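In: Here is my input; please provide its structure:
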Amino acid sequence: MAIIRWDPFTALSRLDTDFDELVRRAWGAGTGSTASSGFVPAVEMSRDGHDVLITVELPGVRVPDDVSIEVSEGRLVVSGVRQESSEQAADRMIVRELRYGSFRREFALPEHVGADDVDAGYDRGLLQIRVRNVSRPAATPTKVPISTVEGPTTVQSSIESPPTQAE
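Out: Next up, the predicted model:
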């Protein structure tokens, strides 16, 4: 009888791969390795005054070549691809938690926000997108003056009072 040594990392990796393939089949993305099917990068959103800051975690991505940011039909779309390095052979991999392939994240924009209101920068694996003027400042109430017609405040009558019967 052969003794087989159980490796928890291999079991977890296999479970993770099986789960990913099950989810991809259920969503109609097809089957295949993780490298060809993509991933969903982590996102953080925060307010900065009237602006919204969106930070997308994209380490290992060649941003100028492989990332696109578009504004279309009231949506901000961040898409791209993270290329897999061919240095590591898949048969020698013990644990694989890094995801490769294409990605796409979409965010709804208010009607008044356009492409001119969006700026982006990339530093140390983080893509930072600033969407300006997302929330408009609350309108402050303005008092409207009421004009009046200047004139006499009392009404005088030239009609004499009717005679009484005693007269």
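In: Doesn't D116 lie inside a helix?
Out: Yes: D116 sits within a helix when classified using DSSP: H, G, I helix; E, B strand; the rest coil.
In: burial of the nearest residue to E44 once chain neighbours are set aside, as a residue count?
Out: Leaving aside its chain neighbours, E44 sits nearest to T55 (4.4 Å; criterion: Cβ to Cβ, 6 or more residues apart in numbering). Any C-beta I mention is one placed from the backbone N, CA and C, and that applies to glycine too. Other residues within reach of T55, judged by other Cβ atoms under 10 Å, total 14.
In: wait, isn't T55 in contact with V43?
Out: Yes: here T55 reaches V43: they are 6.9 Å apart, a contact under Cβ atoms under 8 Å.
In: helix or strand right after the worst-scoring helix or strand of the chain on mean pLDDT?
Out: One helix or strand of the chain scores below all others by mean pLDDT, DSSP states H and E: helix 34-37, with a mean of 44. Next helix or strand after helix 34-37 toward the C-terminus (DSSP states H and E): strand 43-48.
In: CA-only coordinates of that following strand in PDB, if you can.
Out: The C-alpha atoms that make up strand 43-48 are tabulated as PDB, following Å, rounded to 0.1, in the frame of the first residue of the first chain:
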ATOM      1  CA  VAL A  43     -11.800  48.600  -6.500                       C
ATOM      2  CA  GLU A  44     -12.100  51.300  -3.800                       C
ATOM      3  CA  MET A  45     -14.400  54.300  -4.200                       C
ATOM      4  CA  SER A  46     -14.400  57.400  -2.000                       C
ATOM      5  CA  ARG A  47     -15.600  61.000  -2.000                       C
ATOM      6  CA  ASP A  48     -13.300  64.000  -2.200                       C
END
